[in-house]
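[1] The amino acid sequence is not available; the structure is as follows:
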Ligand SMILES: Cc1cc2nc3c(=O)[nH]c(=O)nc-3n(C[C@H](O)[C@H](O)[C@H](O)COP(=O)(O)OP(=O)(O)OC[C@H]3O[C@@H](n4cnc5c(N)ncnc54)[C@H](O)[C@@H]3O)c2cc1C
């Protein structure tokens, strides 16, 4: 199928993109890897596409003030190859190869993935597991939203209709940082049936500040808090048994299958967190 007709404008600044979003039924175009597919399938038919790829200052990866800052227009492929991300945001580095295929990662952007908020996507869960922050720019200026307050529902975020996501930020990994990542998909590169992104502080076999963020188990990525507490006590079996998840059935699997797979992933990720490597 072909998309319904739409107008196209290239924004040169974030302010211009914000102003253009004030026009009726306008949508931002970043990597286009999700948006163009929805247009082609006529799942959405916006009147105006605002191309943000020419806006300076929305790219780049930086390590400053104990944080890693990632611009909204950083492509997945760039993040996958970034030495800074590998060193200071190793969970994101671990997750990157699981996002789609190389062609999708060449165009898809970090900002697009977070703003689209697919419940089976890797990056939103990583951001939740890392207690990350999202920067947004709208008609009233700039604001920062914590990841835990950002994902509101199915493909729904805290972004207002006229806000542009400009970047994301996570605390830079220190020496005691442990991360874990695993997902089960029908084929490598497909959206996950169930996935788990995790971070913790480690001291030998002792874990603290455990964050387990599941994806593919509901409308948004979700923390498994009872399992986090059990894992912090060093009890992997108790963490697996702590079933504080109730995934609904979806097109990929029944809720019961997802609950079982979530336990399998919990065991795998617990083993990764116990290793003294990042
Ligand atoms: C075959 C296929 C397989 C895929 N597999 C996976 C996968 O396994 N895991 C995964 O996570 N993703 C997957 N994707 C999606 C891919 O990661 C997309 O790149 C991503 O979801 C959207 O990023 P984008 O830059 O392409 O955004 P676009 O498609 O351009 O935009 C997506 C949505 O976000 C909005 N948006 C984009 N940028 C901003 C911004 N800066 N501020 C506010 N709103 C914005 C747009 O208006 C639009 O509504 C797959 C895509 C395809 C086609």
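    Structure received. Everything quoted here is computed from the prediction, not taken from an experiment. Numbering: from 1, shown residues only.
[2] Is there a neighbour count for the nearest residue to residue 80 once chain neighbours are set aside? I'd like the number.
    In space, and not counting its chain neighbours, residue 80 is closest to residue 96: 4.0 Å by Cβ to Cβ, 6 or more residues apart in numbering. Yep, even glycine has a C-beta here, placed from its N, CA and C like the rest. Number of residues near residue 96 (other Cβ atoms under 10 Å) recorded here: 23.
[3] Check what pLDDT residue 96 gets.
    Note for residue 96: predicted pLDDT of 97.
[4] swap in the one 10 residues further on?
    pLDDT recorded at residue 106 is 98.
[5] Please renumber the chain so that the first residue is 365 from this point on.
    I'll keep to 365 as the first residue from here, and by that count the last item is residue 470.
[6] does it really touch residue 442, like I thought?
    No: applying Cβ atoms under 8 Å, one finds residue 470 not in contact with residue 442, separated by 9.1 Å.
[7] residues touching the closest residue to the ligand within the stretch 515-642 of the chain, list them.
    Distances between the stretch 515-642 of the chain and the ligand by Cβ to the nearest ligand atom are smallest at residue 529, namely 3.5 Å. For residue 529, the contact set (Cβ atoms under 8 Å, 6 or more residues apart in numbering) comprises 436, 475, 478-479, 498-500, 523.
[8] try 6 Å
    The contact partners of residue 529, by Cβ atoms under 6 Å, 6 or more residues apart in numbering, come to 436, 475, 479, 500.
[9] check those residues against the ligand, which are close?
    Among those, proximity to the ligand is found for 436, 475, 479 (Cβ under 6 Å from any ligand atom).
[10] Which members of those residues occur in helices, if any?
    475, 479 (DSSP state H).
[11] Now the buried members of the ones next to the ligand among the contacts of residue 529.
    436, 475, 479 (16 or more other Cβ atoms under 10 Å).
[12] Take those and write them to JSON lines, including pLDDT.
    Shown next, in JSON lines, are those (pLDDT from 0 to 100):
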{"residue": "436", "pLDDT": "98"}
{"residue": "475", "pLDDT": "98"}
{"residue": "479", "pLDDT": "98"}
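[13] quick one: which of the contacts of residue 529 is nearest to residue 626?
    residue 479 (25.9 Å; Cβ to Cβ).
[14] If the nearest residue to residue 571 once chain neighbours are set aside is in a bridge, with which residues?
    Of all residues not flanking residue 571 in the chain, residue 564 sits nearest, at 4.5 Å (Cβ to Cβ, 6+ apart). Beta bridges link residue 564 to residue 542, judged by DSSP bridges.
[15] Do you know the pLDDT at residue 564?
    At residue 564, pLDDT is 96.
[16] same deal with residue 431?
    98.
[17] do the same with residue 484
    Residue 484 is given a pLDDT of 96.
[18] what's the neighbour count on residue 584?
    21.
[19] Heading C-terminal from the strand or helix carrying residue 573, find the next helix or strand.
    Using DSSP states H and E, residue 573 falls within strand 570-579. Toward the C-terminal end, the helix or strand that comes next after strand 570-579 (DSSP H and E) is strand 586-587.
[20] about what we covered before: please point out which parts of the strand holding residue 573 sit buried.
    Here strand 570-579 shows 571, 574-579 as buried, counting by 16+ other Cβ under 10 Å.
[21] Kindly report the same for stretch 610-618.
    611, 616-617.
[22] And for residue 621, the neighbour number?
    Neighbour tally, residue 621, other Cβ under 10 Å: 15.
[23] Can you point out the helix or strand that includes it?
    Per DSSP H and E: helix 619-638 holds residue 621.
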